[in-house]
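> Here is my input, please return the structure:
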Amino acid sequence: MTKETLLMQYQSECLSALKSVANIHKPFEKAFMDTMKLFMAIPDRINFLQLGRYGCFSEQTYRNLFEYETFDWFAFNSSIISKHLTGKRKAIAIDPSYIPKSGKKTPWIGYFWSGCAGEYKRGLEIMGIGVIAIDNHECMTLGSIQTPDCKTLDNIDKNLVDWYSSYLISRKDKLQSLSRTVVADAFFSRETFITPMCENDFHVISRFRNDVILYYPTLEQKTGKRGHSKWFDGRIDFANLDLTRCKEYEVNKEKLYGLRVYAKALKRYVSLAIWYPMGGRTDKWQLYFSTDDSMDGREVLDYYRTRFQLEFCFRDGKQHAGITNCQGADFRKLDFHFNASLAAVNLAKAA
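Numbering: from 1, shown residues only. Take a look at the predicted model:
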């Protein structure tokens, strides 16, 4: 297949997805289609100067386009996802990503964690929201939102975890139409995130720290006497697991066990998957959980492993779609650039 044929197919997918977004006028459609084509075609940095150089419109036209803050990226990407992301088991994956950026006038610039560098660095951060297909190990992004800096969070009297959960809850109608399961890394395995999400009909799959305090559920029967019966039995020692309470699964040469446990930090029962890698050695373990305490242990592990596909969307956006090249210094232009870059990766996968 030639480059010209691939580009035509890419533009066809883009136009089809654009038709699903309401209230789009013709001038916007022309500029938007040209912009999305350039996100894949420009071989160097993707910024307003380059768009004006390679595109069909002036640099100012692209600057004006990026100020269009009412564009529904969730609807645009949902159209692509519904056509190309197959499989019955799907979930919402979330993950923050560091974006290098400088400038005194850049909004919400601050120090954020860079996983690649292993340290806090000055720049921006976005929270990417994607849909993962568990059976096919694929992911496409729904959209992204810029993370506030510390000063802004202090002004609204929230911490970072509260802000993440409140944003997801604000978009729950759209998200729950795709899946009620949210998969996130170990940073989100805390009560202040889990409780509000579960109160809004989400289930969360994440990972515990290895020193987490968990208890076996009680085996005592109700006696009929006054007072509540025991909530749970003894604390779980993962180096000496009680195998009579666990269900064992075959996973290559490793060992995987599943059971229902009480998590002290989360104040709830969860479904736990205990994975012993490195040939099944019992001195090393990894703990994955789901707030849906009826979920199978193998399924918990499958969902969490597939979460990493969202990282590949960020990687492709940074390497090939210029997500770090935005020249804008206001919220609208930054938001449009981040979402356009991730949408270009979706379209490339669909084409």
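> now the strands: where do they sit in the stretch 251-351 of the chain?
254-263, 268-276, 286-290 (DSSP state E, counting those that start in this stretch).
> which residue lies farthest from the center of the protein?
Lys225 (47.5 Å; Cα atoms, centre = their mean).
> Tell me the secondary structure at that residue.
Assigned with DSSP: H, G, I helix; E, B strand; the rest coil, Lys225 falls in the coil class.
> Look up how far Arg268 lies from it.
25 Å (Cβ to Cβ, to the nearest Å). Glycine gets a C-beta too; all of them are placed from N, C-alpha and C.
> sec struct for the most centrally placed residue in the chain, please.
The C-alpha lying nearest the average C-alpha coordinate of the chain belongs to Ile94 (Cα atoms, centre = their mean; 1.7 Å). Classification of Ile94 by three-state DSSP places it in strand.
> Report the contact partners of it.
The neighbours of Ile94, taking Cβ atoms under 8 Å, 6 or more residues apart in numbering as the test, are 127-130, 164, 168, 182-184, 188, 310.
> Sketch out the low-pLDDT regions of the stretch 201-350 of the chain for me.
Low-confidence segments of the stretch 201-350 of the chain (pLDDT under 70): 223, 280.
> and the longest strand along the chain, which residues are buried?
Among the segments of the chain that qualify as a strand by DSSP state E, the longest is strand 119-133. Judged by neighbour count using 16 or more other Cβ atoms under 10 Å, the buried positions of strand 119-133 are 123-133.
> Check the average confidence over stretch 140-160, would you?
The average of the pLDDT scores along stretch 140-160 is 95.
> Quick one: end-to-end length of it, please.
24 Å (Cα to Cα, to the nearest Å).
> cool, and stretch 111-123?
First-to-last residue span, stretch 111-123, Cα to Cα: 6 Å.
> gap between it and the chain center?
18 Å (Cα atoms, centre = their mean, to the nearest Å).
> contacts for it?
So stretch 111-123 is contacted by 96, 98-102, 109-110, 124-125, 147, 150 (Cβ under 8 Å, 6+ apart).
> Which secondary structure state is assigned to Leu53?
Just to correct that, residue 53 is Arg rather than Leu. Classified using three-state DSSP, Arg53 is helix.
> Which pLDDT value goes with it?
So, for Arg53, pLDDT stands at 95.
> And for the one 4 residues further on?
pLDDT, Phe57: 96.
> And for it, nearest residue in space, chain neighbours not counted?
Closest residue in space to Phe57, ignoring its immediate chain neighbours: Ala31 at 5.9 Å, by Cβ to Cβ, 6 or more residues apart in numbering.
> count of neighbours near that neighbour?
20 (other Cβ atoms under 10 Å).
> Same question for Phe314.
Count around Phe314 with other Cβ under 10 Å applied: 24.
> Give me the nearest residue to it, chain neighbours excluded.
Ser97 (4.6 Å).
> give the contact list for Trp163.
Counting by Cβ under 8 Å, 6+ apart, the residues that Trp163 touches are 147-148, 153, 156.
> if we go to 10 Å?
127, 145, 147-148, 152-153, 156 (Cβ atoms under 10 Å, 6 or more residues apart in numbering).
> Which residue comes closest to Ile274 once chain neighbours are left out?
Nearest to Ile274 is Tyr257, by Cβ to Cβ, 6+ apart, at 4.6 Å.
> wait, doesn't that neighbour sit right on Trp285?
Yes. Between Tyr257 and Trp285 there is a contact under Cβ atoms under 10 Å: 9.5 Å.
> Quick check on those two: which one has the bigger neighbour count.
The residue with more neighbours, out of Tyr257 and Trp285, is Tyr257; 20 against 17, by other Cβ under 10 Å.
> Count the neighbours of Cys246 for me.
Neighbours of Cys246 (other Cβ under 10 Å): 18.
> thinking again about what came up before, can you tell me which of the contacts of stretch 111-123 is closest to Tyr303?
Pro96 (19.1 Å; Cβ to Cβ).
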